[in-house]
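Sequence below, structure please.
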Amino acid sequence: MTQDELFAALSAEFPAVARAEVPVKDHLTVRLPGPDVLLPLASWLKRRGFGLLDMLTATDFSGPTDMKGFVGGGNFNVFLPDGAAPQVAPVAAPGYRYRPVLDLLWSFVSIADKARVIVRLEVPRENASAPSLSGLFKAADWQERETFDLLGVRYEGHPNLTKILTPDFLQGHPLRKDYVHVKDRFDD
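Coordinates of the predicted model:
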């Protein structure tokens, strides 16, 4: 089945789903109109042979990274002479359309057809949430916890949405562009 045939079948079932303007690599990439379409679409894909949830992640598109989020100190660049101050500052990319959203991404794979469908969903940064796919795909469990921990995305219906990578005392979500590190007992 070609990407066009797959998208035709998908859009017949879910007319509000649009083909993404810029695909991820050369895979069929679709954009959801809202979170309520995710669970039915994922179930449909699974019934169509896309039984592997290969990846689940998110990206913060709010702007350049705030350097206060990084633990500084010392000269971390070995190519600068001792005592030199690194020239690191957040720089906005000219012409790039920053927006206050998190872009969630799921990669579904059909091993038999050697095909992949990328599903994207933009959610607002404040109170970012999406339905959990952990009931459909076991692989979603830890990946949803990771995205929750690092970017603050809540997955509604997840059985154990707790931190998985950062310690409990860490405040905030380290992969958000506005993350500011709060000194803790492990800092100098």
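
part of a helix, is residue 149?
Yes: checked against DSSP: H, G, I helix; E, B strand; the rest coil, residue 149 lies within a helix.

which stretches of this protein form strands?
Ranges of strands within the chain are 18-19, 28-31, 52-60, 101-110, 115-124, 129-131, 154-156, based on DSSP state E.

Distance to residue 46 for these - can I get that in TSV?
Every C-beta, even on glycine, is put in place using the N, C-alpha and C of the backbone. Below are the strands of the chain laid out as TSV (distance: least, C-beta to C-beta, whole Å):
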stretch	distance to residue 46
strand 18-19	20
strand 28-31	15
strand 52-60	9
strand 101-110	8
strand 115-124	11
strand 129-131	14
strand 154-156	17
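
Mind putting those strands into TSV with mean pLDDT?
Shown next, in TSV, are those (pLDDT from 0 to 100):
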stretch	mean pLDDT
strand 18-19	97
strand 28-31	98
strand 52-60	96
strand 101-110	97
strand 115-124	97
strand 129-131	98
strand 154-156	98
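
So which residue is smack in the middle of the protein?
Geometric centre of the chain, nearest residue: residue 58, 0.9 Å, by C-alpha atoms, centre = their mean.

Please report how far residue 15 lies from residue 158.
28 Å (C-beta to C-beta, to the nearest Å).

Tell me which of those two has more neighbours.
residue 158 (18 against 9; other C-beta atoms under 10 Å).

which one is the more buried one nearest to, not counting chain neighbours?
Leaving aside its sequence neighbours, residue 158 sits nearest to residue 132 (C-beta to C-beta, 6 or more residues apart in numbering; 4.0 Å).

any low-confidence regions in the protein?
69-78, 80-90, 188 (pLDDT under 70).

Contacts only, for the closest residue to residue 142 other than its chain neighbours.
Distances taken as C-beta to C-beta, 6+ apart place residue 164 nearest to residue 142, at 6.2 Å, with adjacent residues excluded. Residue 164 is in contact with 142, 145, 146, 148, 149, counting by C-beta atoms under 8 Å, 6 or more residues apart in numbering.

Kind regards, and thank you for your time.
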